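Trainee: here is my input; please provide its structure:
(one chain, ligands or ions: 3)
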Amino acid sequence: MKGKKKLAVLFMAAFLALSLGVFAACANEEHSLSYVEEVQATCTEAGHRAYYLCSHCGKLFADENAETELSDEDVTIAALGHDMTHHEAVEATCTEAGNIEYWSCSRCNLNFSDEAGTKEVASVTLPAGHDIEWVNAVEPTVSAEGMLAHYECSKCNTCYEDVDGKEEIDREDLVLAQLVEQAVTVTVEVHDTAGNKVESPDFAAISGELSLLGAYSANQYTGLAVASNGTLELDSIIVGEYTVELYGYRRSTFTVTVRAIK
Ligand SMILES: [Zn+2]
Ligand SMILES: [Zn+2]
Ligand SMILES: [Zn+2]
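Mentor: Ligands and ions are numbered 1, 2, ... in the order given. Here you go, the predicted model:
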């Protein structure tokens, strides 16, 4: 193809395209222009520069006289992409909040769990707080001290009376003293169930049917024996108050309180 024939084909093609399209063609100076304000690009959305748009033929122009035509590419401002800052993970402690590993964008102020910014996260904070667990009592032995049951933070080892950690307890106050390996003699008073002191109880008759109940543990003494002279003999005992259920004595139940330990 050459010369006039080629021009004619091009003209026909342009005419067809315009007649099939939404916009009609404008002759020069027939454009009906309106100003379209610039839209700034964001991290994820493209924007465009300001331009003049002809509502008749749909062409874009740089000027109000329609002298410089613009393409879509000319006016488009590509999306900016996020401006990421990396944040290392910080573990929360009992008193200070931490955070997950994340990336933050300085432009849109959003946080993401990935550098590419495809997974937005609403919160990156790991709240501060104790990790409180129930700790069972440890009974004292002749070789080691024991400890009362309590709540304790597994991270900072603070001890508490309650699971919510509102009432703190000194660890020292929970310690049960080690059993003392020495023979002791305990003088007891026997009271009947009405609270009356029983004079000259027949301890020999109840030997072997008596057990001491400590405030914390049933096993805070060893070698309990009742002598006929009204004393309890033990191989070892933790100093403290004891209450005893005494079975079999005159078919009644008595309470025995350790009054003194020598
Ligand atoms: Zn036009
Ligand atoms: Zn962004
Ligand atoms: Zn803690």
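Trainee: wait, is Glu73 part of a strand?
Mentor: No: with DSSP: H, G, I helix; E, B strand; the rest coil as the criterion, Glu73 is assigned helix and is not in a strand.
Trainee: distance of it from Arg49?
Mentor: Distance check for Glu73 against Arg49: by C-beta to C-beta, to the nearest Å, it reads 11 Å. For every residue, glycine as well, the C-beta is placed using N, CA and C.
Trainee: more neighbours: these two, which one.
Mentor: The neighbour comparison of Glu73 against Arg49 (other C-beta atoms under 10 Å) goes to Arg49, with 16 against 6.
Trainee: got the contact list for the more buried one?
Mentor: By C-beta atoms under 8 Å, 6 or more residues apart in numbering, Arg49 lies in contact with 38, 74-75, 77.
Trainee: Val121: what's it in contact with?
Mentor: By C-beta under 8 Å, 6+ apart, the neighbours of Val121 are 100, 102, 111-113.
Trainee: so Leu179 makes contact with Pro140?
Mentor: Yes: at 5.5 Å, Leu179 counts as touching Pro140 under the criterion of C-beta atoms under 8 Å.
Trainee: including pLDDT and neighbour count, could the contacts of Arg49 go into TSV?
Mentor: Formatted as TSV, the contacts of Arg49 follow (pLDDT from 0 to 100; neighbours: other C-beta atoms under 10 Å):
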residue	pLDDT	neighbour count
Glu38	97	12
Asp74	95	13
Val75	97	18
Ile77	97	15
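Trainee: for the residues you listed, which one is nearest Cys153?
Mentor: Ile77 (54.4 Å; C-beta to C-beta).
Trainee: dihedrals phi and psi, Arg171?
Mentor: Backbone geometry at Arg171, expressed as degrees, to the nearest 10, gives phi -60, psi -40.
Trainee: 7 is where my numbering starts, stick with that
Mentor: Taking 7 as the first residue, the last one we looked at is Arg177.
Trainee: and the gap between the nearest residue to it once chain neighbours are set aside and ligand 1?
Mentor: What sits nearest to Arg177 in space, not counting adjacent residues and going by C-beta to C-beta, 6 or more residues apart in numbering, is Cys165, at 5.3 Å. In this view, Cys165 and ligand 1 are 83 Å apart by C-beta to the ion, to the nearest Å.
Trainee: next one: Ser40
Mentor: In terms of C-beta to the ion, Ser40 sits 11 Å off from ligand 1.
Trainee: could I have whichever strand or helix holds that residue exported to PDB, CA atoms only?
Mentor: Take DSSP states H and E as the rule and Ser40 turns out to sit in strand 39-42. Extracted C-alpha coordinates of strand 39-42, given in PDB (Å, rounded to 0.1, in the frame of the first residue of the first chain):
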ATOM      1  CA  LEU A  39     -13.800  21.300  28.100                       C
ATOM      2  CA  SER A  40     -14.100  21.000  31.800                       C
ATOM      3  CA  TYR A  41     -11.300  21.100  34.400                       C
ATOM      4  CA  VAL A  42     -10.600  17.800  36.300                       C
END
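Trainee: can you list contacts of it?
Mentor: Contact with strand 39-42 is made by 54, 56-61, 67, 70, 72, as judged by C-beta under 8 Å, 6+ apart.
Trainee: can you tell me the residue of the stretch 157-268 of the chain closest to ligand 1?
Mentor: Lys161 (72.5 Å; C-beta to the ion).
Trainee: what about that residue, how many residues nearby?
Mentor: By other C-beta under 10 Å, neighbour count at Lys161 equals 14.
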